[in-house]
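Chemist: show me the folded form of this:
(chains A and B, ligands or ions: 2)
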There are 2 protein chains.
Amino acid sequence: MECSEHCAGSFGHFNLGPHTHDVPMTLHQKNRQAMLQALASVPSESCSVVLLEGGKSETHHDTDHEELFRQECYFHYLFGVKEPDCLGLVDLQTGKSHLFIPRLPESYSTWLGKIYGPDYWVKVYSVDECHYTDELVTILHLLGCKRILSLAGGLNTDSGLPHAGLRSLEKEIQENNFHEDREILFPVLRECRVVKNKEEIDVLRYACQVSADAHKAVMRFAKPGMMEYDLEAKFRYEIYHRYGCRNVGYTCICCAGESGAILHYGHAGAPNSKVIKPGDMCLLDMGGEYHHYTADITRSWPVDGKFTETQREIYTTVYEAQEAVMRSMRPGVSWPEMHRLADRVICENLKKFGYLNGDVDEMMKEFVGSLFMPHGLGHLLGLTTHDVGGYLDGIQRSTEPGLKSLRCGRTLLEGMVITVEPGVYFNRSVLEPAFSRPNQAQFMNVEKIKKMFAFGGVRIEDDVLVTATGIENLSAGVPRSIDEIEAWIAGGRGE
Amino acid sequence: MECSEHCAGSFGHFNLGPHTHDVPMTLHQKNRQAMLQALASVPSESCSVVLLEGGKSETHHDTDHEELFRQECYFHYLFGVKEPDCLGLVDLQTGKSHLFIPRLPESYSTWLGKIYGPDYWVKVYSVDECHYTDELVTILHLLGCKRILSLAGGLNTDSGLPHAGLRSLEKEIQENNFHEDREILFPVLRECRVVKNKEEIDVLRYACQVSADAHKAVMRFAKPGMMEYDLEAKFRYEIYHRYGCRNVGYTCICCAGESGAILHYGHAGAPNSKVIKPGDMCLLDMGGEYHHYTADITRSWPVDGKFTETQREIYTTVYEAQEAVMRSMRPGVSWPEMHRLADRVICENLKKFGYLNGDVDEMMKEFVGSLFMPHGLGHLLGLTTHDVGGYLDGIQRSTEPGLKSLRCGRTLLEGMVITVEPGVYFNRSVLEPAFSRPNQAQFMNVEKIKKMFAFGGVRIEDDVLVTATGIENLSAGVPRSIDEIEAWIAGGRGE
Ligand SMILES: [Mn+2]
Ligand SMILES: [Mn+2]
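Modeler: Ligands and ions are numbered 1, 2, ... in the order given. Next up is the predicted model:
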């Protein structure tokens, strides 16, 4: 059946035109199924439902300015709904899904669009039933609900923030004597999100492929004299115009030269606003988002299209680290061990090229590698850039420099999607203090390192799916080796 | 002095490269001066300061995903600061300005950028003094402060929401026995924002000119078969790449055909996601933002580049209404009267072209015009799209259809910047109910109107500065008459 307005083609599907990826709502049905299976072992001493609150429409402070709405992630995981102010329920007895939509005022049709009833939204999102949010309590009673499983209080290990759960429904829950359980659901649903199903992988593959294409376009577009933000503008144009990605998964990090040493450059206080100079290394960390799933890709290359000897040294160091990790990845491998492996390869190469000297085992004991790569090797990827489930409950993060910034402390599982993003940076505020710490300085060629403060850094970041026997690199479409990069840029200049 | 990092060139200035508009921080010094003058008549029985809280860095729900930070508007008005988590103070005795910045952790320099001290920020933002936010109470005591003027509770007449004031400082204020006055400041500062100074006008002129240029590029870019969002992608690319506008002032409204009747199309639930068909009218409402000041421009044109007879009729109706208003605008003119004027011209033209019949005065008494233009004629423009100060305290909005949606109920003042945006729409959910209301249906050519439901609508929106003798159209750079539009599009096709 036709539904051009909310499904672009047919009910139960999402896409943004025939040239974009078609997402079947079976993706979310499977997500709900996975949750039901994982909850099957939970004692259901009383009639229970899972209840989630979707994101709300919000304004900028006291104004009527609304930023473009982005759905709350857990709600999107289970229901795939683009609209704000909804609720979602799964009945653990029957397995049925219920979507609750706001009752819109008549004026909505003048200002925001045609108003559709519950029957329509059942078809758009492939749920079993749809009601209005003001019918929630009635439906809960009708289902005989005694216990509500919520996400309230569950801790996000990247932000350290608790989940808000059913904040706006607290009064209704209390007044009607529903028992809200805040323990059972969170660890279960968080873990469901860690291993991606086929349809989720298809969306992530699309986000990665189109972001890879856009990175390629930017490589040929960049010229000395442009502003760093010109590369952001080009990237966003390519992913949106050609592939329907209206959002990026995170603020574009577009560094040229020295800015490359600032890991999360590009925010409002450092808005990619420098001029790109001849000879600069560009470090671009940019990923498009599609149906809320995001890519996260970094490439580093000389704006002139040809690597200098120094650029080759640092790039090779990072490339070798990434290669070593990608060759070793498979289910069962410890991710902290992969971080240590990258650290080791970086130290070995920096020694080979004369930036470090001495015994690599000894320098690793003094965490010399973390002075050049202060961040973690990579993180789970999905509905957020730093996706949930990186640390199981009770597992503490390491306090070691470098490892303490690792967002995933687990062994790899088939179906995880994770970034592999080693880097080497020459950040003055990290390195200068180390020059006066003898335990680290003894390994450092201080004069050679000091000359690199204008260099910035190199990061290479790919998004990989862990398969039964190894990995699939979802972002393999962007040139990555020095030869590939130089050939690609030269091709764009007719050289 | 050089400051490429936060001032792109020299201290006390903001720009995004030599090809972009240079904003002197005297803009904000003048804003503070205007406030001090307006507060001069306020009895200062005790030592008083104005204290404002800047916007805070925020994450998407419980995740560590941060949207790009946008400053709170009143804080930006007085201080022009791009960074989150600051405070601003103006001492009413001395007139001195004090900026308070967060004390950043050492890790900031690894992740977000070099850390600078107060002396640096004094120069970047041309304030008199700069301290850390944890020094606020000390400084207040040092200044001998007894009374703090805050914005708390002041009502935004567009959103109906109160200002949050000094929400996160409530404890400090109470514990130190400062008297917080919530009455004096809000109406004064709101009114300061209504009349723009020269530097503000320069920024708005720039935002309008570059948005006009981008609209022109989109006119030649659009082709049947594209998606509506392709036009948004192109617009955003042009304003950012060519002119440094990273943000739009509001979500781009990109309608083709029927979507044109939905006034705020383009939001997450209707994301500009239809295919543009041959023969469609495009209605594009898009404005770039620069240094937080925004343009708000709408143009409507046939995607084929040639107006059909029907498209000419509706376009001429709206164009004549806009012309009549722009010819009549000058200081002292009532804006609600301008709305009525537009309404009258629209009714007259719809009668001339056979959509309406009967006496225009009579149909105006029945609010027939508001069935075709359900929104207001225009709104103040500045740091927000719907800028503050549209209604003075005690002035109630009209409850009449049409006029009740007018966001400004005042007489025009020299230095106001306001949008002039009449429109005619064929929205089924607005018009169909009127067919069965005899008082309105008697004037309507129902059969002719019914045939227009696939047409969508036409809006023409310009941003004008009220001058001493009339207006300056800041968005005059985009073709507006039928002839201009056809010639411009034809020129891009080599016709
Ligand atoms: Mn990453
Ligand atoms: Mn407007």
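Chemist: tell me where the stretch 201-350 of chain A has helices.
Modeler: Applying DSSP state H, counting those that start in this stretch to the stretch 201-350 of chain A gives helices spanning A:228-237, A:243, A:309-328, A:335-352.
Chemist: list the contacts of the third one.
Modeler: Counting contacts by Cβ atoms under 8 Å, 6 or more residues apart in numbering or on different chains, the residues outside helix A:309-328 that touch it are A:281, A:300, A:302, A:307, A:338, A:341-343, A:345-346, A:349-350, A:353, A:377, A:420-424, A:452, A:455, A:457-460, A:462, A:464, A:471, A:473, A:480-482. No exception for glycine: its C-beta is placed from N, CA and C like everyone else's.
Chemist: circling back: give me whichever of the helices of the stretch 201-350 of chain A is most buried.
Modeler: Highest mean neighbour count among the helices of the stretch 201-350 of chain A (mean count of other Cβ atoms under 10 Å in any protein chain shown): helix A:228-237, with a mean of 24.
Chemist: tell me what that helix is packed against?
Modeler: Contacts defined by 3 or more Cβ pairs under 8 Å, 6 or more residues apart in numbering or on different chains; DSSP states H and E place helix A:228-237 against helix A:198-221, strand A:253-256, strand A:281-286, helix B:228-237.
Chemist: in contact with the residue of the stretch 101-250 of chain A at minimum distance from ligand 1, which residues?
Modeler: Taking Cβ to the ion, ligand 1 has its nearest neighbour within the stretch 101-250 of chain A at A:Tyr250, 8.0 Å off. Applying Cβ under 8 Å, 6+ apart to A:Tyr250 gives the contacts A:Gly287, A:Thr294, A:Asp296, A:Thr385, B:His65.
Chemist: what about burial for the contacts of helix A:309-328, which qualify?
Modeler: Buried members of the contacts of helix A:309-328, counted by 16 or more other Cβ atoms under 10 Å in any protein chain shown: A:281, A:300, A:302, A:307, A:338, A:341-343, A:345-346, A:349-350, A:353, A:377, A:420-424, A:452, A:455, A:457-460, A:462, A:464, A:471, A:473, A:480, A:482.
Chemist: just to revisit the earlier point, could you point out which of the helices of the stretch 201-350 of chain A sits nearest ligand 2?
Modeler: helix A:228-237 (24.0 Å).
Chemist: relative to strand A:281-286, how tilted is that closest one?
Modeler: Helix A:228-237 runs at 40 degrees relative to strand A:281-286, counting by axes from the mean of the first three to the mean of the last three Cα atoms, to 10 degrees.
Chemist: next SSE after helix A:228-237?
Modeler: helix A:243 (DSSP states H and E).
Chemist: shaky segments in chain A?
Modeler: Scanning chain A for pLDDT under 70 picks out the ranges A:1-4, A:7-9, A:44-45, A:495.
Chemist: which strand or helix spans the residue most central in space within it?
Modeler: For chain A, the residue nearest the mean C-alpha position is A:Thr385 (1.4 Å; Cα atoms, centre = their mean). Using DSSP H and E, A:Thr385 maps to neither a helix nor a strand.
Chemist: was I right to think it contacts A:Asp285?
Modeler: No: using Cβ atoms under 8 Å, A:Thr385 is not in contact with A:Asp285, being 9.9 Å away.
Chemist: anything in contact with each of those two?
Modeler: Any residue near both A:Thr385 and A:Asp285 by Cβ under 8 Å, 6+ apart counts here, and that gives A:Asp296.
Chemist: and A:Glu170, how many neighbours does it have?
Modeler: For A:Glu170, the count of nearby residues is 12 (other Cβ atoms under 10 Å in any protein chain shown).
Chemist: what kind of secondary structure is it in?
Modeler: What DSSP: H, G, I helix; E, B strand; the rest coil gives for A:Glu170 is helix.
Chemist: so it versus chain B, what's the distance?
Modeler: A:Glu170 is 17 Å from chain B, where distance means Cβ to the nearest Cβ, to the nearest Å.
Chemist: what's the spacing between that residue and A:His163?
Modeler: 14 Å (Cβ to Cβ, to the nearest Å).
Chemist: on that earlier part again, closest one of the contacts of A:Tyr250 to A:Gln209?
Modeler: Lowest distance from A:Gln209 to those (Cβ to Cβ) belongs to A:Gly287, with 11.7 Å.
Chemist: look up the closest residue to that closest one, ignoring the ones flanking it.
Modeler: A:Ala295 (3.7 Å; Cβ to Cβ, 6 or more residues apart in numbering or on different chains).
Chemist: test my guess that that neighbour contacts A:Arg205.
Modeler: No: shown here, A:Ala295 and A:Arg205 do not form a contact pair, counting by Cβ under 8 Å, at 9.4 Å.
Chemist: these two: which has the busier surroundings?
Modeler: Shown here are A:Ala295 and A:Arg205; by other Cβ under 10 Å, A:Ala295 has more neighbours (33 against 19).
Chemist: what sits against that one?
Modeler: Taking Cβ under 8 Å, 6+ apart, one finds A:204, A:207-208, A:210-212, A:249, A:287-289, A:381, A:463, A:474-475 in contact with A:Ala295.
Chemist: touching both of A:Ala295 and A:Arg205, which residues are there?
Modeler: Joint contacts of A:Ala295 and A:Arg205 (Cβ under 8 Å, 6+ apart) are A:Leu474.
Chemist: in the stretch 1-150 of chain A, which spans are helices?
Modeler: Using DSSP H, counting those that start in this stretch, helices in the stretch 1-150 of chain A cover A:26-39, A:73-79, A:108-111, A:118-125, A:136-142.
Chemist: so which elements touch the longest one?
Modeler: This points to helix A:26-39. Helix A:26-39 packs on helix A:73-79, strand A:87-91, helix A:185-194, helix A:198-221, going by 3+ Cβ pairs under 8 Å, 6+ apart.
Chemist: which residues touch it?
Modeler: A:12, A:50, A:77-80, A:90, A:92, A:95, A:97, A:125-126, A:149, A:184-185, A:188-189, A:191-192, A:197, A:199-200, A:203.
Chemist: so what's A:Lys114 up against?
Modeler: A:Glu5, B:Ile262, B:Ser429.
Chemist: most neighbours among these, please name it.
Modeler: Of the contacts of A:Lys114, with other Cβ under 10 Å as the count, B:Ile262 tops at 25 neighbours.
Chemist: list phi and psi for A:Glu486.
Modeler: The phi and psi values for A:Glu486, taken as degrees, to the nearest 10, are phi -60, psi -40.
Chemist: of the contacts of A:Ala295, buried ones?
Modeler: A:204, A:207-208, A:210-212, A:249, A:287-289, A:381, A:463, A:474-475.
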